[in-house]
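Student: attaching a predicted model along with its sequence, questions to come.
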Amino acid sequence: MGRNRTNAAVLWRGILAGLIGGPLCLLGLALVQVVKLGYVPYGGALEIMALPVFLLMGGVYGTVIALMFWLFALRGMYPSAIGRAIVGALIPFLFVTILNWARSGENTGVYPPTPMEAIGNAIAYVTSFGVLPGIAAAPKNQ
């Protein structure tokens, strides 16, 4: 019973890291705009308005990643921090890849990002919503 309770802390750490990752992702996206344009469009208002959505996304990604590592811990598997970071990064990466593939023919009317902007956005997104919860969701038995 005590071991399961200890491993259940994995869930809380992953969820909290996902919630922290939401604002960090918005900060990273603002930095990408600063590098691309030299300033943040709209005075950063879009980042502030998007905060509740990104908190929710971070909570969902953190929950999924933490639940996965909690189930691993229940089975006696304890991946290293690098392994958790890689697996955590794959979750949002696969989700976005599948989503973009599913709507690849749809014209949204938005200008596509430049390759460098797309790489910067992907790094901010995957790091905030995948790597951070993956590293934080460490079982105490390691």
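Tutor: On my side now, so go ahead. Numbering: from 1, shown residues only.
Student: and stretch 17-35, average pLDDT?
Tutor: Across stretch 17-35, pLDDT averages out at 91.
Student: cool, and stretch 77-95?
Tutor: 93.
Student: quick one: residues contacting the residue nearest to the spatial centre of the chain.
Tutor: The centre of the chain sits closest to Phe129, judged by C-alpha atoms, centre = their mean, with a distance of 0.7 Å. Phe129 sits next to 18, 21-22, 25, 57-58, 61-62, 91-92 when contact means C-beta atoms under 8 Å, 6 or more residues apart in numbering. Yep, even glycine has a C-beta here, placed from its N, CA and C like the rest.
Student: just the pLDDT for it.
Tutor: On the pLDDT scale, Phe129 gets 95.
Student: need the three-state assignment for it.
Tutor: The three-state label given to Phe129 by DSSP: H, G, I helix; E, B strand; the rest coil is helix.
Student: so which of the contacts of Phe129 are in helices?
Tutor: Secondary structure from DSSP state H places 18, 21-22, 25, 57-58, 61-62, 91-92 of those in helices.
Student: pick out the most distant pair among those residues.
Tutor: Gly22 and Ile91 (15.0 Å; C-beta to C-beta).
Student: neighbour count winner among those two?
Tutor: Of the pair Gly22 and Ile91, Gly22 is the one with more neighbours under other C-beta atoms under 10 Å, namely 23 against 19.
Student: that one against Leu51, yeah?
Tutor: Yes: between Gly22 and Leu51 there is a contact under C-beta atoms under 8 Å: 7.0 Å.
Student: where exactly do the helices run in this structure?
Tutor: Using DSSP H, helices in the chain cover 2-37, 45-49, 51-74, 81-102, 115-126, 132-136.
Student: then stretch 81-94 to CSV, C-alphas only?
Tutor: C-alpha atoms of stretch 81-94 as CSV (Å, rounded to 0.1, in the frame of the first residue of the first chain):
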residue,chain,number,x,y,z
ALA,A,81,15.3,10.7,-16.7
ILE,A,82,16.5,10.7,-20.3
GLY,A,83,14.1,7.9,-21.2
ARG,A,84,11.2,9.7,-19.5
ALA,A,85,12.1,12.9,-21.4
ILE,A,86,12.2,11.1,-24.7
VAL,A,87,9.0,9.3,-24.1
GLY,A,88,7.3,12.4,-22.7
ALA,A,89,8.4,14.4,-25.8
LEU,A,90,6.9,11.8,-28.1
ILE,A,91,3.4,12.2,-26.7
PRO,A,92,2.7,15.9,-27.8
PHE,A,93,4.9,15.3,-30.9
LEU,A,94,2.8,12.4,-32.1
